[in-house]
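Asks: Prediction below, plus the sequence it came from.
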Amino acid sequence: MKATIDPRTIDEFRARAAEEGLLDVAYATADSPFGPLLLAQTSRGLVRVGLPNQDSDELLADLAERVSPRVLEAPAELDEVRRELDLYFEGKLDHFDLPLDWRLSAGFRRRVLRAIDRIPYGQTRSYTEMARRAGNERAVRAAGSACGSNPIPLVVPCHRVLRTGGALGGYGGGLPMKQALLELEGVLDEKPGP
Amino acid sequence: MLPPFQTVLDEHSAAVMGILRGAVGRDGAEDCFQETFLAALRAYPKLGDARNLRGWLLTIAHRKAIDHHRANGRKPIPVAEVAEAAMENGLPEPDQGLWNAVEALPPKQRAAVALRYGSDLPHAEIAAALGCSPEAARRSLHEGLKRLRKELA
């Protein structure tokens, strides 16, 4: 049996859930020049950014398992995140002012990501330097995989980490996206050699 | 492993709304719908078993419908809403006398009949919705139908 439901009924349910503190994970999608992003936040802050090439259903299932199964779409809760990202993509914002929830990373990886979070707009660092800042200069490969596992890309700017010598390295959203972000920030000119 | 609650909402909201419209009418259904999903969301993380989410939700919806009737001093069910919901499903238009007779059944029998013929649920899900064994659900349905036949003969 299919009954149509007034969207206002769902909106009201969502508002009441938020009021009761039941939105453990609120999520929304946002447009970007690269395609749709998935944004998820908890009461602590932004916990996950899904890039356009990542499977939203998988990310949401992962959040349900690792944070809380109370995962609900609630676009209004993510207005500020969306606003800052829009400005960033327009080149009008060089510093995100968003509370972050780091719970999806731990240990050495989290230390690497925290170090990445401090790389200023328009600058780059090497994987080796990130390894050193996280307390183990020799763990370059582990630092690289910490970048690859970054749950909050864009806002925690793992695209600013390059190989020693300047090669792009890797990126969860694909190398063309990394290249474009670095161009946006004025680090790279259009299409340098490999 | 529990799926994100949004999935539960997306997949089962139409069934829950259908049942509630049948049970309490269109106006009451909006409120019961929210109460149902709020109660479900509250309890969700502690739900051990994700295999019968639909039955679990319909059980909650059924209880909310009962609460609604209690709070409203058991106003008669607006029968026209049942007819409309059934039409959406392509069923022949139920006649007024039949649904009045359904409304007059004892609660368990009425629920079993409404869930089976109003919402097209199989016995196992009716049992889950009513919180009883499939045999008991079948018996309630059987008793309800027997009574209806007698009433309408």
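Replies: Received it, and whenever you're ready, just let me know what you need. Residues are numbered from 1 along each chain as shown, chains lettered A, B, ... in the order given.
Asks: any idea which helix or strand comes after the longest helix along chain A?
Replies: Taking DSSP state H as the criterion, chain A has its longest helix at helix A:7-19. Proceeding N to C from helix A:7-19, the next assigned helix or strand is strand A:25-30, under DSSP states H and E.
Asks: packing partners for that next one?
Replies: Strand A:25-30 sits against strand A:37-41, helix A:56-66, strand A:71-73, helix A:79-89, with contacts defined as 3 or more Cβ pairs under 8 Å, 6 or more residues apart in numbering or on different chains; DSSP states H and E. (C-beta placed from N, C-alpha, C; glycine too.)
Asks: how about those, which one is nearest chain B?
Replies: strand A:71-73 (3.5 Å; Cβ to the nearest Cβ).
Asks: other SSEs contacting the closest one?
Replies: By 3+ Cβ pairs under 8 Å, 6+ apart, strand A:71-73 packs against helix A:7-19, strand A:25-30, helix A:56-66, helix B:5-43.
Asks: Spit out the contact partners of the residue nearest the centre of chain A.
Replies: In chain A, the residue lying closest to the centroid (Cα atoms, centre = their mean) is A:Ile152, at 2.5 Å. For A:Ile152, the contacting residues are A:46-49, A:100, A:113, by Cβ atoms under 8 Å, 6 or more residues apart in numbering or on different chains.
Asks: again, only this time at 10 Å
Replies: A:39-40, A:45-49, A:96, A:98, A:100-102, A:104-105, A:113, A:116-117, A:158 (Cβ atoms under 10 Å, 6 or more residues apart in numbering or on different chains).
Asks: related to what we said a few turns ago, closest one to A:Tyr171 among the helices and strands packed on strand A:71-73?
Replies: Closest of those to A:Tyr171 is helix A:56-66, at 16.8 Å (criterion: Cβ to Cβ).
Asks: which other helices and strands contact that closest one?
Replies: Helix A:56-66 is packed against strand A:25-30, strand A:37-41, strand A:46-50, strand A:71-73, helix B:5-43, with contacts defined by 3 or more Cβ pairs under 10 Å, 6 or more residues apart in numbering or on different chains; DSSP states H and E.
Asks: how much space between the nearest residue to A:Ser105 once chain neighbours are set aside and chain B?
Replies: With sequence-adjacent residues excluded and distances taken as Cβ to Cβ, 6 or more residues apart in numbering or on different chains, A:Ser105 is closest to A:Leu113, at 5.5 Å. Plainly put, A:Leu113 is 24 Å away from chain B if you go by Cβ to the nearest Cβ, to the nearest Å.
Asks: No further questions, thank you.
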